[in-house]
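[1] sequence unknown, structure follows:
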């Protein structure tokens, strides 16, 4: 828009005085607003405006004047001497000394200080003020009630309910637990169940440290005590597999299914060997197989648990638990499904030599078997509703046993630190701590860990303070025990040893007495046979029935006498001599009869 | 005569049970009299004098009306008794019963 006003002026009028006049307002330009243009603009609401109200700063930097340091050493010499005396000259120094000694202040202060010092010296000599009273006495053992508290609970993060049926502690300290989960119910629907087993870190109960993914659920799992990254697992389908925690979740090695067990491999135990690669496994199919981890395609050795030593698989007893002590490397024990306990020796040339003693065991499967860590001749076995303690010397009977409990027992273990304590788990979810020196008829401490059955337990090895128990729902609970259940007293080992010896001796005496009685009965039966064949049955019967022995004996006596009489009458007709001889026999028979009457009493 | 008294006192101290030696130093740290050998005397004089001065100044700083009367250091091998005075300090070494 061009606002211009053009006017002309004559040149002669340039510079003339300007005369201003008023004039009315004149509108020169009028620009109305154009609403169409407003469409090109957007109204902005709210309007943001940043304002800052701060002091203004400015940054400068300056180098300070350098501070100089230097390292110097000082040599101390005898000092303090006044300037005029040379410390190195002995006569000058001694002169100085003598001079000071003669000063008045010297004597005064010496006397006072001397008194002070003497007082303290005498004090020291009389009483040792720093004496530690009762230093050599041990702190008093306050007999508090034993207790146990749950430290941590490790729940199976997966939804399906599987029982935790075996726990193994990490061999190197109590940091990790390997737990095997398997649903052992007969013919339960296993298609959709989760077959992983876990390694838990004791500090982290929310999530397992490592998942182990076998081909079939694991029934048993053990850390290798020599190589702590290796684990062996026994599977539900009878195979055994090796895991390595450094190499991931799947099994590193797996045994060939044709050469493995035909039933779940219930127990696998590492052997004590130089290479640390040998282990053996047991299963209810009646076989014990020895394996080497380097070659899992077939077992190194096989043993068929036929007690009659004929090697027949059909007669074999199914194995449920194994016992192996690394200090006795060639011997081991097997607890069977039928209840017997078999002690075996690996060093036999054939099966017959391998199988040693057979202990009568329990009335049901032997779920746990363990030698006492301090007394290797005694071992405990858990099965049916009792715990039995056996001595290897007594083959016919156990030396100690617990009262049958209301619920079945599932697992048991000795405490590694205290000789008189062992732990058991029951089907009602309780963990029992038994102390045989304290109370033998019931557990010292019984803790209800969970509400469902507990299937396994494992005590942490070197300290014996933590116990891990696995339940049917797959929950593993870590329980910590009080000091008095883990720390061994001074004479405890000797007392337990004494107890075992005593019980063994008692069992031996009973056995000897029983044997003697049987022998005596046998002898008397034998003596009767030479006299009268017919009365044998009667006398034997009288020995068996101890209800009224005197009556029985009397009856027999009269029977014998009557028969003698009849015989005599029959033979009387034949020869007079024979009759006389038989009369002598009769008196012998009469004497023998009262003798038998006495022994049957 | 007082000289004899001083000697007597010192001899008596020396003869107490367990006393291993004594040492008298003046305020400058110069050993005046000592029953131990020269090098040990020197060490004790220098080190214990400074420690005793530090202790004394500590007490006086905490409470100006207070003053250090006696100073005992029990070590594993023996006990060092220090009796400071204005001008002189007496140091005695006594064996402890435990050692």
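    Sure thing, it's come through. Being a predicted model, the structure only gives us computed values, none of them experimental.

[2] what does chain A put close to chain B?
    Contacts of chain A with chain B, taken as CB under 8 Å from any CB of the partner chain, map to A:76, A:78-82, A:96-97, A:100-102, A:105-107, A:109-114, A:116-118, A:120-122, A:124-125, A:128, A:130-131. (C-beta placed from N, C-alpha, C; glycine too.)

[3] where does chain B dip in pLDDT?
    B:1, B:97-99 (pLDDT under 70).

[4] same question, chain A
    A:1, A:66, A:74-80, A:85-87, A:136-142, A:174, A:186-193, A:525-547, A:576-601.

[5] and the residues of chain A next to chain B, which are buried?
    A:81, A:96-97, A:100-101, A:106-107, A:109-110, A:113-114, A:116-118, A:120-121, A:124 (16 or more other CB atoms under 10 Å in any protein chain shown).

[6] which residues in chain B form strands?
    B:19-26, B:31-34, B:71-74, B:78-84, B:88-95 (DSSP state E).

[7] helix, strand, or coil at the closest residue to residue A:318 other than its chain neighbours?
    In this structure, residue A:318 finds its nearest non-sequential neighbour in residue A:284, 3.3 Å apart by CB to CB, 6 or more residues apart in numbering or on different chains. Secondary structure assignment for residue A:284 (DSSP: H, G, I helix; E, B strand; the rest coil): coil.

[8] helix or strand: which one has the spatially closest residue to residue B:74 that is not a sequence neighbour?
    Excluding the flanking residues, the one nearest residue B:74 by CB to CB, 6+ apart is residue A:130, at 6.1 Å. Per DSSP states H and E, residue A:130 falls between elements, in no helix or strand.

[9] show me what the lengthiest helix in chain B packs onto, helices and strands only.
    Counting residues, the longest helix found in chain B (DSSP state H) is helix B:38-62. Secondary-structure packing of helix B:38-62 (3 or more CB pairs under 8 Å, 6 or more residues apart in numbering or on different chains; DSSP states H and E): strand B:19-26, strand B:31-34, strand B:78-84, strand B:88-95.

[10] what about residue A:360, distance to chain B?
    The gap separating residue A:360 from chain B is 63 Å, by CB to the nearest CB, to the nearest Å.

[11] what's the local residue count around that residue?
    Per other CB atoms under 10 Å in any protein chain shown, the neighbour tally for residue A:360 reads 14.

[12] and for residue 41, the neighbour number?
    Just so you know, I chose chain A. By other CB under 10 Å, neighbour count at residue A:41 equals 7.

[13] looking at chain B here, not the other one
    Residue B:41 has 18 nearby residues by other CB under 10 Å.

[14] wouldn't it be in contact with residue B:23 here?
    Yes - in this structure residue B:41 lies within contact range of residue B:23 using CB atoms under 8 Å: 5.9 Å.

[15] what is in contact with these two at once?
    B:31, B:34 (CB atoms under 8 Å, 6 or more residues apart in numbering or on different chains).

[16] how close does the residue nearest the centre of chain A sit to residue A:409?
    Note on chain A: the residue nearest the mean C-alpha position is residue A:459, at 1.7 Å, using CA atoms, centre = their mean. Per CB to CB, to the nearest Å, residue A:459 is found 16 Å from residue A:409.

[17] before we move on, what about residue A:132?
    According to CB to CB, residue A:132 and residue A:409 sit 50 Å apart.

[18] and the longest helix of chain B, which residues are buried?
    B:41-42, B:44-46, B:48-49, B:52, B:56.

[19] what of stretch A:558-574?
    Buried, per 16+ other CB under 10 Å, within stretch A:558-574: A:559-560, A:564.

[20] now do stretch A:83-98
    Residues A:93, A:96-97 are the ones in stretch A:83-98 that count as buried (16+ other CB under 10 Å).

[21] name the element residue A:496 belongs to?
    Per DSSP H and E: helix A:492-531 holds residue A:496.

[22] if we can go back for a sec, what angle do the longest helix of chain B and strand B:88-95 make?
    Orientation check (axes from the mean of the first three to the mean of the last three CA atoms, to 10 degrees): helix B:38-62 against strand B:88-95 gives 110 degrees.

[23] which stretches of chain A form helices?
    Going by DSSP H, chain A shows helices at A:90-102, A:104-126, A:351-354, A:483-486, A:492-531, A:535-544, A:549-572, A:576-600.

[24] quick one, which of the ones you listed is nearest to residue A:240?
    helix A:351-354 (20.1 Å; CB to CB).

[25] tell me, how many residues neighbour residue A:247?
    Neighbourhood size, residue A:247 [other CB under 10 Å]: 12.

[26] in contact with it, which residues?
    By CB under 8 Å, 6+ apart, residue A:247 has no neighbours at all.

[27] need the residues of chain B near chain A, please.
    When proximity is defined by CB under 8 Å from any CB, chain B lies next to chain A at B:2-3, B:5-6, B:9-10, B:12-13, B:16-19, B:24, B:26, B:28-30, B:32-33, B:42, B:46, B:69-70, B:72, B:74, B:79, B:81, B:83, B:85-90, B:92, B:94, B:96-98.

[28] rerun that using 7 Å as the cut-off
    Selection of chain B residues close to chain A by CB under 7 Å from any CB of the partner chain yields B:2-3, B:5-6, B:9, B:13, B:16-19, B:26, B:28-30, B:32, B:42, B:46, B:70, B:72, B:74, B:79, B:81, B:83, B:85, B:87-88, B:90, B:92, B:94, B:97.

[29] drop anything exposed from these.
    Judged by 16+ other CB under 10 Å, buried ones among the residues of chain B next to chain A: B:6, B:9, B:13, B:19, B:26, B:29-30, B:32, B:42, B:46, B:79, B:81, B:83, B:85, B:88, B:90, B:92, B:94.

[30] run through the bridge partners of residue A:391.
    Bridge pairing for residue A:391 (DSSP bridges) gives the partners residue A:378.

[31] who are the contact partners of it?
    A:377-378, A:399, A:500, A:504 (CB atoms under 7 Å, 6 or more residues apart in numbering or on different chains).

[32] mind running it again at 10 Å?
    Residue A:391 makes contacts with A:359, A:375, A:377-379, A:397-400, A:500-501, A:503-505, A:507-508, as judged by CB atoms under 10 Å, 6 or more residues apart in numbering or on different chains.

[33] same question, residue A:111
    With contact set as CB under 10 Å, 6+ apart, residue A:111 has these partners: B:2, B:5-6, B:8-9.

[34] residue A:420 too?
    A:372, A:414, A:434-438, A:444, A:488-489, A:492-493, A:495-496, A:499.

[35] quick one: which of these is nearest chain B?
    Taking CB to the nearest CB as the measure, chain B lies nearest residue A:489 of those, at 30.8 Å.

[36] so that closest one touches residue A:421, yeah?
    No - contact criterion CB atoms under 10 Å: residue A:489 and residue A:421 do not qualify, at 11.2 Å.

[37] now the residue nearest to residue A:340 when sequence neighbours are not counted: phi and psi?
    Nearest non-adjacent residue to residue A:340, counting by CB to CB, 6+ apart: residue A:361, 4.6 Å away. Dihedral pair for residue A:361: phi 80, psi -140, per degrees, to the nearest 10.
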